[in-house]
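J.: No letters, just coordinates:
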């Protein structure tokens, strides 16, 4: 029974780690507009291409869709850098500043800390089940330590890619 409980703990932690990976995957120094485009339903409303400077060009099939597309884009990303023209929308490539890099790193670290808090809360619940059993508590701590190290490595790798 104890082993099954630890399997449940491991499963919960792995689910949290997968969610963390998905969150930080979206935190990107590169222009992550493909993510934005896929998140909203504008593909059926327009043609999407890139220009020679890697800006995204969105050409609505119908002119009356222009406003709807702009609203959807702004809803997904409030600070999106876009320019509208008569018959197309240009999403300008973002400038990679040190400030932006630092903000992205800060976001990753905040997400990592939130995840660690969730994992510590799981540890606390598990420890309450085994109040008087030191061996079980040590096993729980070993599981937690291994996963915290895994989280640290994931976030360090992501930060390294940003720098």
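T.: That came through fine. Remember, it's a predicted structure, so these values are computed and weren't measured experimentally.
J.: contacting residues for residue 124?
T.: Taking Cβ atoms under 8 Å, 6 or more residues apart in numbering as the definition of contact, residue 124 has no neighbours. (Each C-beta comes from the backbone N, C-alpha and C, glycine too.)
J.: To what extent is residue 60 buried, counted in neighbours?
T.: Applying other Cβ atoms under 10 Å, we find 19 residues neighbouring residue 60.
J.: care to break the chain down by domain?
T.: For the chain, the structural domains run 2-28+97-162, 33-91, going by automatic domain parsing.
J.: Dump those to a markdown table, plus mean pLDDT.
T.: Formatted as a markdown table, the domains of the chain follow (pLDDT from 0 to 100):
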| stretch | mean pLDDT |
| --- | --- |
| domain 2-28+97-162 | 88 |
| domain 33-91 | 75 |
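J.: Tell me the secondary structure at the most far-flung residue of the chain relative to its centre.
T.: Here the centre of the chain is the reference, and by Cα atoms, centre = their mean the most remote residue is residue 132, at 39.2 Å. Secondary structure, DSSP: H, G, I helix; E, B strand; the rest coil: residue 132 is coil.
J.: would residue 52 count as being in a helix?
T.: No: counting by three-state DSSP, residue 52 falls outside a helix, being coil.
J.: Quick one: neighbours of it, just the number.
T.: Neighbour tally, residue 52, other Cβ under 10 Å: 5.
J.: cool, the one 5 residues further on as well?
T.: Each residue near residue 57 was counted by other Cβ under 10 Å, and the total is 15.
J.: Thought residue 50 was touching it, still the case?
T.: Yes: in this structure residue 57 lies within contact range of residue 50 using Cβ atoms under 8 Å: 6.7 Å.
J.: so what secondary structure elements neighbour whichever strand or helix holds residue 22?
T.: Using DSSP states H and E, residue 22 maps to helix 2-25. Judged by 3 or more Cβ pairs under 8 Å, 6 or more residues apart in numbering; DSSP states H and E, helix 2-25 is in contact with helix 98-129, helix 134-162.
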